[in-house]
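# missing the sequence, but the structure's below:
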């Protein structure tokens, strides 16, 4: 059923109790409107992660120019190099959606671009987790020389995984209609 004056929509419609037309996602929006909304939400999420990874990466780039760098153990220098590479990769993945949007803007592929950008963001967040893990490992090794450092880092990583993945996936599972 359609309300009077309603425009054609590409998605299947149902009529709610209030008479408003809803698509299969429970929203009154076309495929293009949905892609626009999802794009806006994704970019807002990416902005948070981009800021964090860019600040962390910037600090990482300065470490090699500090006097103490020359006195680091070989293991710590290796951890540093891996951390910088991970930070660079995370930065690329989290800035990628902006470049993607700019290059495909106006090409009528927004829904597909949102999907690709979403995947880039997942990869970027995983790389950010790895960057933060190795950064924390390096900093705590250099600052404390304590044998408990791997356990502390493991605890912090478990906290990240809980906050970034377990709770969101649990929430999705618990509150999804399917």
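Received it, and whenever you're ready, just let me know what you need. What you see is a predicted model; the values in this text were computed from it and never measured. Numbering: from 1, shown residues only.
# what about the closest residue to residue 54 other than its chain neighbours, how many neighbours?
Leaving out its chain neighbours, the residue that sits closest to residue 54 by C-beta to C-beta, 6 or more residues apart in numbering is residue 91, at 6.3 Å. In short, each C-beta sits where N, CA and C put it, glycine included. Residue 91: 21 surrounding residues under other C-beta atoms under 10 Å.
# which ones are touching residue 91?
50, 53-54, 57 (C-beta atoms under 8 Å, 6 or more residues apart in numbering).
# in the helix or strand it falls within, what's buried?
Per DSSP states H and E, residue 91 falls inside helix 74-104. By neighbour count on 16 or more other C-beta atoms under 10 Å, the buried set for helix 74-104 is 76, 79-80, 83-84, 86-91, 93-97, 100-101.
# Helix or strand next in line after that helix, which one?
Assigned by DSSP H and E, the successor of helix 74-104 is helix 110-144.
# Return the set of buried residues in the very next helix or strand once past that next one.
Counting by DSSP H and E, the next helix or strand C-terminal to helix 110-144 is helix 149-161. Buried residues in helix 149-161, counting neighbours by 16+ other C-beta under 10 Å, are found at 149, 153, 157, 160.
# Contacts for helix 149-161, please.
With C-beta under 8 Å, 6+ apart, helix 149-161 has contacts from 129, 132-133, 136-137, 140-141.
# List just the nearest of those to residue 36.
residue 129 (29.3 Å; C-beta to C-beta).
# Hmm, the closest one is touching residue 136, no?
No. At 10.7 Å, residue 129 does not count as touching residue 136 under the criterion of C-beta atoms under 8 Å.
# As TSV, the contacts of residue 91 with secondary structure, neighbour count and distance to residue 172 would be great.
Below are the contacts of residue 91 laid out as TSV (DSSP: H, G, I helix; E, B strand; the rest coil; neighbours: other C-beta atoms under 10 Å; distance: C-beta to C-beta, whole Å):
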residue	secondary structure	neighbour count	distance to residue 172
50	helix	20	24
53	helix	26	24
54	helix	15	28
57	helix	20	30
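# quick one: residue 161 from residue 131, how far?
15 Å (C-beta to C-beta, to the nearest Å).
# Residue 177 now?
Distance of residue 177 to residue 131, given as C-beta to C-beta: 36 Å.
# Confirm that residue 27 sits in a helix.
No. Looking at residue 27 with DSSP: H, G, I helix; E, B strand; the rest coil, it is coil, so not inside a helix.
# Need the per-residue pLDDT for it.
According to the prediction, residue 27 has pLDDT 72.
# Could you verify my assumption that it touches residue 34?
Yes. At 7.0 Å, residue 27 and residue 34 qualify as touching, with contact defined as C-beta under 8 Å.
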